[in-house]
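**Student:** Pasting the sequence and the predicted model now:
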Amino acid sequence: MALLAGTLCLLLPSCDAERDPCLQPVNVAVRLQFLQRAADTGNSFRDTALPNMLINPVDGPETYTIAGVKGATRYDIRLSPLSDVCRWYIQPDSSHPGRRDTLTFLYERRLHFISNACGYTYYYALGAVSTSGRVLGDTIHAIDSVVIADRDVNGQAGKVHVNVYFHKP
């Protein structure tokens, strides 16, 4: 009986669910910050809350739409680990379907080892970001310009990578 109780004590701890040994984020994202000129003249800008943003990758591998993001002044998107270029469209307000722009990201992928428990991820070095309204057939540009604020996309929290400047509506 004592042998049976000792065996049960040894077996019970092995039934506990193993925790995920990877406590670090493995996916990195490009943080976009939305800005607008504070006045008609001058060089001061203010954060711009997009009223009801739609954002979606133009070409894969992701096939989802992020719809109805209300009041966003910043937003994180992912770059494709399968290519050195990807395109996303942004429509600042879903009630204005003709005001949609395409952001094109050119970047270099860098395979990064995190740990044995977490494996690998990709870090990115932004080379260029451009905007166009012609890719999806839209003619009214909502975006005035884009500027790379930080080229290294490596998972550091709080970093803004790309400033997106919008025209006044």
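**Tutor:** Perfect, thanks for sending it.

**Student:** In which helix or strand does residue 107 reside?
**Tutor:** Secondary structure assignment for residue 107, by DSSP states H and E: strand 101-115.

**Student:** Ok, residue 131 next?
**Tutor:** Here residue 131, judged by DSSP H and E, is contained in strand 119-132.

**Student:** Counting neighbours, which bits of that strand end up buried?
**Tutor:** Buried positions in strand 119-132, judged by neighbour count with 16 or more other C-beta atoms under 10 Å: 121-122, 124, 126, 129, 131. In short, each C-beta sits where N, CA and C put it, glycine included.

**Student:** Also stretch 106-113?
**Tutor:** Neighbour-count burial for stretch 106-113 [16+ other C-beta under 10 Å]: residue 107.

**Student:** thinking again about what came up before, so which of the buried residues of strand 119-132 is the closest to residue 147?
**Tutor:** Among the buried residues of strand 119-132, residue 129 lies closest to residue 147 (C-beta to C-beta), at 8.1 Å.

**Student:** Next, the contact list for that closest one, please.
**Tutor:** Shown in contact with residue 129 (C-beta atoms under 8 Å, 6 or more residues apart in numbering): 103-106, 146, 148, 162.

**Student:** what about burial for these, which qualify?
**Tutor:** Buried members of these, scored by 16+ other C-beta under 10 Å, are 103-105, 146, 162.

**Student:** and the strand holding residue 131, how far from the chain's centre?
**Tutor:** 10 Å (C-alpha atoms, centre = their mean, to the nearest Å).

**Student:** Sheet-wise, list the partners of that strand with their directions.
**Tutor:** Using DSSP bridges, the strands paired with strand 119-132 are strand 101-115 (antiparallel), strand 152-153 (antiparallel).

**Student:** Can you flag the weakest of those strands by average pLDDT?
**Tutor:** Ranked by mean pLDDT, those end with strand 101-115 at the bottom, a mean of 93.

**Student:** could I get that one in PDB with only the CA atoms?
**Tutor:** Output in PDB follows, covering the C-alpha atoms of strand 101-115 (Å, rounded to 0.1, in the frame of the first residue of the first chain):
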ATOM      1  CA  ASP A 101      -4.400  54.500 -50.700                       C
ATOM      2  CA  THR A 102      -2.000  51.700 -51.100                       C
ATOM      3  CA  LEU A 103       1.200  51.600 -49.000                       C
ATOM      4  CA  THR A 104       4.100  49.700 -50.500                       C
ATOM      5  CA  PHE A 105       6.800  48.500 -48.200                       C
ATOM      6  CA  LEU A 106      10.300  47.500 -49.500                       C
ATOM      7  CA  TYR A 107      12.400  45.700 -46.900                       C
ATOM      8  CA  GLU A 108      15.100  43.200 -46.200                       C
ATOM      9  CA  ARG A 109      14.300  40.100 -44.200                       C
ATOM     10  CA  ARG A 110      16.700  39.000 -41.500                       C
ATOM     11  CA  LEU A 111      16.300  35.600 -39.800                       C
ATOM     12  CA  HIS A 112      16.700  36.000 -36.100                       C
ATOM     13  CA  PHE A 113      17.200  33.300 -33.500                       C
ATOM     14  CA  ILE A 114      15.300  34.000 -30.300                       C
ATOM     15  CA  SER A 115      16.000  30.900 -28.100                       C
END
